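[1] Sequence first, predicted model second:
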Amino acid sequence: MNRSRPALLFDRMLGRLCRTMRLLGYDAELNREGESGRFFLNAETLSRVAVTRSRGLRDRPGARPIVIESEEIMDQIVELFSKLGRKPDFAPFTRCLECNELLTKEPPESVLGEVPSYIIKNFDEFHRCPACRRVFWRGSHFEAMVRKIEEIEQILSD
């Protein structure tokens, strides 16, 4: 585990924040569907910091969860880093946005037949999730994600 990037477990109410943290390179898991009653046990078992919106759970025994009060995503990010008490340490585009696995770099020939042929012709850098097998490249969505990361960096540096 990277000491500056703690492993996080988010409750189901914070799915968007979880996905954003993956975009930033953090090991961020969403608590499994149907296991809300096991949320803190799951966090403890997996050695993850519990992040929740549930205010009533902050005084329970055991490791203190991070309780997010904010409703807007950018405010949630600021609040999370403030409560983590650590400087942000981003490693964008290194984790699968869907299943959190670290991505592996793939040569174009290894993704033939998995992405449209025009993508192979126009891009030469590909990454794959070893778990769900999704293939990623710097397509039209990439610049929007870069702008989002830059916005987050700006907000956190203020």
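    Received it, and whenever you're ready, just let me know what you need.
[2] For the rest of this, base every contact and every neighbour count on C-alpha atoms.
    OK.
[3] who touches residue 137 in this structure?
    By Cα atoms under 8 Å, 6 or more residues apart in numbering, the contact set of residue 137 is 123, 125, 126, 127.
[4] Tell me where the longest helix sits in this structure.
    helix 140-157 (DSSP state H).
[5] rewinding a little: would JSON lines of the contacts of residue 137 with pLDDT be doable?
    Converted to JSON lines, the contacts of residue 137 look like this (pLDDT from 0 to 100):
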{"residue": "123", "pLDDT": "94"}
{"residue": "125", "pLDDT": "94"}
{"residue": "126", "pLDDT": "97"}
{"residue": "127", "pLDDT": "97"}
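[6] which one of the residues you listed has the most neighbours?
    residue 127 (23 neighbours; other Cα atoms under 10 Å).
[7] Let's verify it: helix, strand, or coil?
    At residue 127 the chain is in strand, as set by DSSP: H, G, I helix; E, B strand; the rest coil.
[8] Then residue 33?
    Residue 33 ends up coil, using three-state DSSP.
[9] nearest residue to it other than its sequence neighbours?
    With sequence-adjacent residues excluded and distances taken as Cα to Cα, 6 or more residues apart in numbering, residue 33 is closest to residue 12, at 7.5 Å.
[10] Pull out the buried residues from the helix or strand bottoming out on mean pLDDT in the chain.
    Of all helical and strand segments in the chain, the minimum by mean pLDDT, DSSP states H and E falls on helix 39-45, at a mean of 89. Neighbour counts over helix 39-45 (16 or more other Cα atoms under 10 Å) mark 39, 40, 42, 43 as buried.
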